[in-house]
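Asker: Here's my sequence, what's the structure:
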Amino acid sequence: MHVFLPCPPGPFRALSVASAIAVLSCLVINPARADDTQAIPVTAIAAHTETLDRVINGIGTVAPLQSVTVRPRIDGQVVEAPFTEGQMVQKGSVLLKLDDRELISAVNSAKAKKAQDEAQLQNAQSDAQRYASLASKGAASTSTMEEKNALSQQYAAAVQYDDAMIKSAETQLGFATIVAPFTGRTGFRQVDVGSVISASSTSGIVTVTQMDPIAVSFVAPGDRFEEIRDALEKGIAEVTLTSTDGTRTLAKGKLTTMDNAVDATNGSIHLKATFDNKNGSLWPGLPVATTLTVDKVKGVVVPDKALARGRDGLYAYVVGKDGKVSKRTVQTAFVTDARALVKSGIGDGDQVVMDGQSRIGDGETVTVTPWTGSPTGELAEKASQ
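Answerer: Residues are numbered from 1 along each chain as shown. Model (predicted):
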């Protein structure tokens with residue numbers, strides 16, 4: 001039973017003791033006026049069932065799949081270098097030409113020797129056929145016929161040798177034109193037109209580096225190799241690259257290689273992922289942040305910000321239909337991008353308090369404003385500071 005005491009009208013001026021007591025009694029024991037200030041403003045978000053990636057975060061380095069220092073295979077003088085430093089060259093593009101006049105002469109000489117031996121071969125074959133016919137009629141000795149056959153075979157072998165010499169000379173002539181072994185970007189040129197280069201040179205002509213596709217080398221904790229191996233076998237081992245300050249997503253690709261042993265010195269395992277790099281956002285040697293997906297789990301997901309830690313573990317406030325909050329103990333499986341996958345404590349569709357947890361307690365009445373923040377965006381903002 002409530003007792004209602006009338007409040008004295010008018011503004012508060014100098015009051016008698018009795019009037020002051022009446023005013024205080026009105027404010028303390030008149031619940032109708034107290035109830036108006038009990039609802040506490042909070043923001044809340046609805047928990048949803050979705051698929052969340054379980055990930056391993058790390059740091060890696062961009063590394064080309066192929067990088068070759070092009071070297072000459074013969075000695076010679078450079079007569080042409082039709083490329084510029086830093087140019088993208090296609091596989092088979094000419095990088096350097098050497099003086100090939102002597103090599104062309106060697107090819108022509110080998111071909112002339114073959115023609116000479118072919119003429120002698122034809123003559124020897126004709127003699128062998130003629131003496132074979134005479135021997136069958138008894139007009140020539142068998143030994144003479146065998147000599148002619150042997151001479152014919154000798155010239156046939158000489159023609160085969162000439163063919164080999166022609167191929168060798170043509171190969172040497174091909175070495176006078178140096179081409180790109182694959183499509184890639186050239187580095188600094190080490191020779192100029194007019195330079196005399198040697199096959200024994202260690203400096204090379206230019207370095208060609210493959211830019212697309214490109215790889216990233218990184219490490220992960222060795223005790224998680226089973227998760228990584230299973231994800232690789234299932235084809236879900238995706239890797240997302242971001243800048244080291246966390247402000248930009250650079251590329252998305254696939255894990256392609258896992259090392260065959262865990263490094264005993266630091267307990268990590270070496271991994272390699274491959275990425276398309278048509279826009280050139282990845283550069284060899286660039287440090288990047290890596291996010292490796294090792295599993296995809298479906299469940300109730302809430303922003304990690306909605307969970308608070310108490311003496312008994314994680315908890316959250318859930319707003320009921322009557323506008324009152326209930327404090328619930330929460331268990332999570334993992335957190336990815338500031339979103340937590342809940343195992344127990346929160347159900348699909350529950351309104352979970354995001355801001356204002358410190359001002360409320362179990363069973364208190366609240367007024368709810370929908371929360372519109374972005375957990376991922378907040379992380380990016382913090383990372384950029």
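
Asker: Surely Ser141 touches Ala135?
Answerer: Yes: with contact defined as C-beta atoms under 8 Å, Ser141 counts as touching Ala135 (7.0 Å). Placement of C-beta: from N, CA and C, glycine included.

Asker: So for those two, which residue has more residues nearby?
Answerer: Legend: neighbour count by other C-beta atoms under 10 Å for Ser141 and Ala135, higher for Ala135 (17 against 12).

Asker: Next, the more buried one: secondary structure please.
Answerer: Per DSSP: H, G, I helix; E, B strand; the rest coil, the local secondary structure of Ala135 is helix.

Asker: Centre of the chain to stretch 133-152, how far?
Answerer: Remark: stretch 133-152 is offset 75 Å from the chain centroid, using C-alpha atoms, centre = their mean, to the nearest Å.

Asker: now swap in stretch 368-377 and tell me
Answerer: 31 Å.

Asker: Show me the shaky parts of the stretch 1-150 of the chain.
Answerer: Applying pLDDT under 70 to the stretch 1-150 of the chain flags the ranges 1-37, 139.

Asker: Show the pLDDT at Ser358.
Answerer: Each residue has a pLDDT score; the one for Ser358 is 87.

Asker: hang on, it in a helix?
Answerer: Yes: under three-state DSSP, Ser358 sits within a helix.

Asker: That one and Val42, how far apart?
Answerer: 10 Å (C-beta to C-beta, to the nearest Å).

Asker: which one of the two has more residues nearby?
Answerer: Comparing Ser358 with Val42 by other C-beta under 10 Å, the one with more neighbours is Val42, at 22 against 7.

Asker: residues near the residue nearest to that one when sequence neighbours are not counted, how many?
Answerer: Once flanking residues are discounted, Val42 sits nearest to Gly356: 3.5 Å by C-beta to C-beta, 6 or more residues apart in numbering. By other C-beta under 10 Å, 18 other residues sit near Gly356.

Asker: And Gly356, how close does it get to Ala340?
Answerer: In terms of C-beta to C-beta, Gly356 sits 19 Å off from Ala340.

Asker: in its sheet, what does the helix or strand where Arg185 lies sit against?
Answerer: Element membership for Arg185 (DSSP states H and E) is strand 184-186. Strand 184-186 has the following sheet partners, assigned by DSSP bridges: strand 88-89 (antiparallel), strand 206-209 (antiparallel).

Asker: what about these, which gets the closest to Leu232?
Answerer: strand 206-209 (26.7 Å; C-beta to C-beta).

Asker: ok, then the element right after the closest one?
Answerer: Next along from strand 206-209, by DSSP H and E: strand 214-221.

Asker: Show the average pLDDT along that following strand.
Answerer: On average, strand 214-221 scores 96.

Asker: name the helices or strands packed onto whichever helix or strand comes after that strand?
Answerer: Per DSSP H and E, the first helix or strand lying C-terminal to strand 214-221 is helix 225-234. In terms of contacts (3 or more C-beta pairs under 8 Å, 6 or more residues apart in numbering; DSSP states H and E), helix 225-234 is packed against strand 48-63, strand 249-263, strand 268-275, strand 287-303.

Asker: Need the residues that contact the following helix or strand past helix 225-234.
Answerer: Going down the chain from helix 225-234, the next helix or strand is strand 238-242, by DSSP H and E. Residues outside strand 238-242 that contact it (C-beta atoms under 8 Å, 6 or more residues apart in numbering): 60, 216, 248-255, 273, 275, 282, 288-293.

Asker: now do stretch 126-143
Answerer: Outside of stretch 126-143, the residues within contact range by C-beta under 8 Å, 6+ apart are 144-145, 148-149, 151-152.

Asker: want to throw those into a markdown table with distance to Thr365?
Answerer: As requested, these are arranged in a markdown table below (distance: C-beta to C-beta, whole Å):
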| residue | distance to Thr365 |
| --- | --- |
| Thr144 | 127 |
| Met145 | 123 |
| Lys148 | 121 |
| Asn149 | 117 |
| Leu151 | 118 |
| Ser152 | 114 |
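
Asker: Show me which of these are buried.
Answerer: Buried members of those, scored by 16 or more other C-beta atoms under 10 Å, are 145, 148-149, 151-152.

Asker: So which of the strands paired with strand 184-186 is the most surrounded?
Answerer: Neighbour counts (mean count of other C-beta atoms under 10 Å) averaged over each of the strands paired with strand 184-186 peak at strand 206-209, with a mean of 21.

Asker: what helix or strand is Arg73 on?
Answerer: Arg73 belongs to no helix or strand, assigned by DSSP H and E.

Asker: Chain neighbours aside, what residue packs nearest to it?
Answerer: Phe175 (4.4 Å).

Asker: what's near enough to touch the one you found?
Answerer: Contact analysis of Phe175 by C-beta under 8 Å, 6+ apart lists 72-74, 98.

Asker: let's see it at 10 Å
Answerer: 72-76, 98, 100, 103, 199 (C-beta atoms under 10 Å, 6 or more residues apart in numbering).

Asker: now for those, which pair is the farthest apart?
Answerer: Farthest pair in the contacts of Phe175, by C-beta to C-beta: Asp100 and Ala199, 14.8 Å.

Asker: So for those two, which sits in the more crowded spot?
Answerer: Asp100 (19 against 11).

Asker: Excluding chain neighbours, what is closest to that one?
Answerer: Nearest to Asp100 is Ala176, by C-beta to C-beta, 6+ apart, at 3.9 Å.
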